[in-house]
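Undergrad: Structural data only, the sequence is not supplied:
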């Protein structure tokens with residue numbers, strides 16, 4: 001992947017993520033739809049089984065309310081999503097202003113690390129554990 005494409009794609013994804021969270025924050029879908037069961041998750045809609053990332057938006061919104069423990073219980077990936085949504089825009093802007101590609105280079109290194117069998121196994125195990133936890137919570 002070329003760096004120019006990477007930065008454009010990342011910017012679009014970040015804007016879409018902010019729009020998604022903003023819609024849920026300002027429109028308060030949890031109260032507007034009663035039980036908070038609004039989902040665009042294809043897996044959940046087709047199988048009634050949550051995917052590993054189901055609940056991430058609710059987790060992030062709960063984190064905004066300062067309820068760290070509840071946010072972790074809903075889905076720890078929401079915390080990770082929040083961290084990325086805070087750090088990545090600053091990093092993109094910094095790279096743009098300084099004409100650098102440090103985020104792209106970090107992405108490429110992370111991609112290489114994730115290709116290692118041991119690291120991939122740990123990562124896959126954590127995602128699987130989160131998925132099982134989501135299912136067991138009835139998310």
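TA: Yep, it's here. Note that the coordinates shown come from a computational prediction; the quantities given were computed from them, not determined experimentally. Numbering: from 1, shown residues only.

Undergrad: For stretch 85-94, give me every contacting residue.
TA: Residues from elsewhere that reach stretch 85-94 (CB atoms under 8 Å, 6 or more residues apart in numbering): 7, 10, 11, 14, 17, 18, 21, 60, 100, 102, 103. Backbone N, C-alpha and C define where each C-beta goes, glycine included.

Undergrad: Now go through these and say which are in helices.
TA: 7, 10, 11, 14, 17, 18, 21, 60, 102, 103 (DSSP state H).

Undergrad: I'd say the first one and residue 104 touch.
TA: What it means is residue 7. Yes. Judged on CB atoms under 8 Å, residue 7 makes contact with residue 104 at a distance of 6.9 Å.

Undergrad: More neighbours: which of these two?
TA: Neighbours per residue (other CB atoms under 10 Å) separate residue 7 from residue 104, with residue 104 holding more: 19 against 16.

Undergrad: shouldn't the more buried one be in contact with residue 8?
TA: No. Residue 104 lies out of contact with residue 8 (CB under 8 Å); the separation is 11.3 Å.
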